[in-house]
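Enquirer: Sequence plus predicted model, see below.
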Amino acid sequence: MHQAPLQYRPDRHPSESYDDILNRDTRPVPDFLRQGPTPDLGSAPVPAANYFSPEYFAKEVECLWPRVWQMACREEEIANVGDVQLYDIVGKSFIIARTAPDEIKAFYNSCLHRGRKLATLSGCKPEFRCPFHGFTWNLDGSFKENPIAWDFPQWRDRAMNLPEAKVDTWGGFVFINLDPEAQPLASVLGPLAEHFEGYGYADRYKVVHVAKVVRCNWKVLAEAFMESHHSIATHPQILPFLADANSQYDVLTDFVSRQFSAGGVPSPFVAERNYSAADIVYAMRSTSGGARRRGQSDGNVQVPAGVSARAYAAEQARQELSAEDGWDYSAASDAEMVDALLYNVWPHMSFWAGYAPNLVYRWRPDGLDPERAIMDVMILKRAPKDGPRPPPAGVHELGVDEPWSDAPELGPLVGIFEQDMGNLPFVQEGLRASGTGQVHFGLYSELRIRKLHQMIDRFIAAGERT
């Protein structure tokens with residue numbers, strides 16, 4: 001049911017709201033896409049040093065990362081017994097292993113003898129044998145063999161099994177938590193799991209995975225993908241078809257926030273240009289669309305009279321996606337076909353909602369360096385309705401000096417990411433050069449970023465009390 005326009009609020013852009021745009025969509029819109037809670041988180045600045053201080057980073061290493069749920073890999077990457085994937089975070093390494101058809105474990109990747117990593121590559125293993133001295137563990141982590149057992153009387157009465165992290169799954173992803181007392185993953189995901197129920201994340205397969213090292217703090221990297229209004233300066237080519245300044249930002253829980261930006265609608269920054277529907281669709285086809293395609297194909301744009309660019313692009317997307325994978329999208333809302341619907345799970349991951357190929361982001365520090373980070377970009381597609389599930393793509397790793405353009409599998413996203421990378425190292429340098437030592441956030445459009453920092457500080461404070 002269409003709703004009345006929301007009352008104007010001084011902390012929102014004065015143009016139409018995302019909710020107003022949904023009211024014009026050609027299909028019923030899921031209720032959960034409507035405006036959500038926007039708590040008052042205050043206006044206090046954040047210390048710039050939080051992005052580069054070794055002391056603050058050490059607090060994150062000690063109090064944050066060992067106590068949060070982290071996305072480690074996809075279940076499809078460890079589909080068979082013996083399959084393993086490696087996951088590294090702030091100096092620690094984990095072996096994510098399929099130990100039985102219905103069991104996944106996460107072992108600390110360190111030999112209990114003298115510490116050598118048990119695995120340095122993902123793959124399939126019948127056991128974990130240390131390459132240094134041959135100490136061996138079974139696939140389930142139980143101790144198997146010590147070649148010089150006669151010289152280790154101290155091990156005879158001890159269970160020398162590999163230490164484990166907690167493991168849980170959602171949407172085809174494997175998550176780990178180093179804290180044995182951590183709250184359940186389901187309570188952290190909260191409303192996200194319910195909102196994504198119809199999108200079949202568990203049944204999707206990974207078609208692209210690129211991981212790039214970037215010269216900036218992990219929070220600088222994450223924050224670039226937590227608001228849309230930087231498009232006016234950084235991504236001007238998307239202004240004709242993405243409503244950025246009037247995006248919707250919600251903080252659903254302490255752990256889940258989101259931002260929605262309408263596709264097929266010009267940015268309020270260029271509203272005076274009066275783009276035609278054909279102009280908007282042409283811009284979508286030529287300059288972006290990213291992994292989502294959004295109903296784009298080559299050729300002239302012929303938008304029927306009386307049809308909006310948004311409605312046209314959404315219908316084209318339904319038809320093209322259905323032709324590609326065999327599923328019926330006739331009931332999917334325009335928003336679910338052409339909008340940027342980003343949900344973040346604190347602290348380091350983002351999942352795109354909707355039916356078109358979905359983007360997934362993950363951000364984390366690069367080892368123990370507070371001024372280098374890794375960004376993972378994955379694209380998930382729905383498996384064909386009447387065909388076999390394709391195998392998952394491997395990880396294409398890009399070093400700090402390798403551009404995103406070295407990963408052409410990302411398609412039009414390459415240009416977007418390159419534009420972002422043109423800012424981030426200089427953001428890092430500018431934070432060090434700050435004359436005030438402070439960073440300020442908008443009250444609404446950067447609400448999610450402020451929440452990111454408040455939660456980090458909360459975990460640090462809790463960790464320091466224990």
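Expert: Received, thanks. Here the structure is a predicted model, which is why all the values come from computation and not from measurement.

Enquirer: Can you get me a residue count around Tyr56?
Expert: Tyr56: 18 surrounding residues under other CB atoms under 10 Å. Where C-beta positions appear, they are placed from N, C-alpha and C, glycine not excepted.

Enquirer: again, but for the one 4 residues further on
Expert: Here the number of neighbours of Glu60 (other CB under 10 Å) works out to 22.

Enquirer: again, but for Trp65
Expert: Neighbouring residues of Trp65 were enumerated by other CB under 10 Å; the total is 20.

Enquirer: One more: Glu55?
Expert: Burial measure for Glu55: 8 neighbouring residues, criterion other CB under 10 Å.

Enquirer: and it, helix, strand or coil?
Expert: What DSSP: H, G, I helix; E, B strand; the rest coil gives for Glu55 is helix.

Enquirer: do the one 4 residues further on as well
Expert: Put simply, Lys59 is helix when judged by three-state DSSP.

Enquirer: tell me the contacts of it?
Expert: With contact taken as CB atoms under 8 Å, 6 or more residues apart in numbering, Lys59 is in contact with Ile460, Gly463, Glu464.

Enquirer: Look through the protein and tell me its longest strand.
Expert: As assigned by DSSP state E, the longest strand anywhere in the chain is strand 369-382.

Enquirer: Quick one: list the elements packing against that one.
Expert: helix 54-59, strand 204-214, helix 218-223, strand 358-366 (3 or more CB pairs under 8 Å, 6 or more residues apart in numbering; DSSP states H and E).

Enquirer: quick one, domains of the chain?
Expert: By the record's domain assignment, the chain is partitioned as 18-47+187-465, 72-181 (automatic domain parsing).

Enquirer: With respect to burial, which of these scores highest?
Expert: Mean neighbour count, computed with mean count of other CB atoms under 10 Å, is highest for domain 18-47+187-465 among the domains of the chain, reaching a mean of 18.

Enquirer: Give me the distance between the two termini of that one.
Expert: Across its full length, domain 18-47+187-465 reaches 42 Å end to end, with CA to CA, to the nearest Å as the criterion.

Enquirer: the helices in the stretch 251-400 of the chain, which residues?
Expert: In the stretch 251-400 of the chain, helices defined by DSSP state H, counting those that start in this stretch lie at 277-287, 309-325, 334-338, listed in chain order.

Enquirer: could those helices be laid out in a markdown table, adding distance to Pro45?
Expert: As requested, the helices of the stretch 251-400 of the chain are arranged in a markdown table below (distance: least, CB to CB, whole Å):
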| stretch | distance to Pro45 |
| --- | --- |
| helix 277-287 | 35 |
| helix 309-325 | 38 |
| helix 334-338 | 34 |
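
Enquirer: quick one: which of those is nearest Arg204?
Expert: Checking the helices of the stretch 251-400 of the chain against Arg204 by CB to CB gives helix 309-325 as the closest, at 10.2 Å.

Enquirer: Give the other helices and strands that the closest one contacts.
Expert: Other elements packing on helix 309-325 under the criterion 3+ CB pairs under 8 Å, 6+ apart are strand 256-263, helix 277-287, helix 334-338.

Enquirer: Tabulate these (a markdown table), appending distance to Arg215 and mean pLDDT.
Expert: Rendered in a markdown table, the data for the helices and strands packed on helix 309-325 read as follows (distance: least, CB to CB, whole Å; pLDDT from 0 to 100):
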| stretch | distance to Arg215 | mean pLDDT |
| --- | --- | --- |
| strand 256-263 | 25 | 98 |
| helix 277-287 | 27 | 89 |
| helix 334-338 | 34 | 97 |
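
Enquirer: Worst mean pLDDT among the domains of the chain?
Expert: Mean pLDDT values for the domains of the chain show the minimum at domain 18-47+187-465, a mean of 94.

Enquirer: before we move on, the earlier item: in a markdown table: the contacts of Lys59, plus secondary structure and distance to Lys381.
Expert: Formatted as a markdown table, the entries for the contacts of Lys59 read as follows, by DSSP: H, G, I helix; E, B strand; the rest coil; distance: CB to CB, whole Å:
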| residue | secondary structure | distance to Lys381 |
| --- | --- | --- |
| Ile460 | helix | 38 |
| Gly463 | helix | 39 |
| Glu464 | helix | 44 |
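
Enquirer: Confirm for me that Arg372 is in contact with Arg215.
Expert: Yes. Under the criterion of CB atoms under 8 Å, Arg372 makes contact with Arg215 at 6.1 Å.

Enquirer: who touches both of these two?
Expert: Residues touching both Arg372 and Arg215 comprise Val400, with contact defined as CB under 8 Å, 6+ apart.

Enquirer: Enumerate every residue touching the residue of the chain most remote from its centre.
Expert: Counting by CA atoms, centre = their mean, the extreme residue of the chain relative to its mean C-alpha position is Trp150, 49.3 Å from that point. Taking CB under 8 Å, 6+ apart as the definition of contact, Trp150 has no neighbours.

Enquirer: How about the secondary structure of it?
Expert: Trp150, by the three-state scheme (three-state DSSP), is helix.

Enquirer: Next one: it relative to Arg156, how far apart?
Expert: In this structure, Trp150 and Arg156 are separated by 10 Å, where distance is defined by CB to CB, to the nearest Å.

Enquirer: How about Val81?
Expert: Distance, Val81 to Arg156, using CB to CB: 30 Å.

Enquirer: To Leu192, which of the helices and strands packed on strand 369-382 lies closest?
Expert: Ranking the helices and strands packed on strand 369-382 by distance to Leu192, with CB to CB as the measure, places strand 358-366 first at 12.4 Å.

Enquirer: so what strands line up beside the closest one?
Expert: Pairing partners of strand 358-366, with direction, according to DSSP bridges: strand 349-352 (antiparallel), strand 369-382 (antiparallel).

Enquirer: got the angle for that strand vs strand 204-214?
Expert: Calculated by axes from the mean of the first three to the mean of the last three CA atoms, to 10 degrees, strand 358-366 forms an angle of 40 degrees with strand 204-214.
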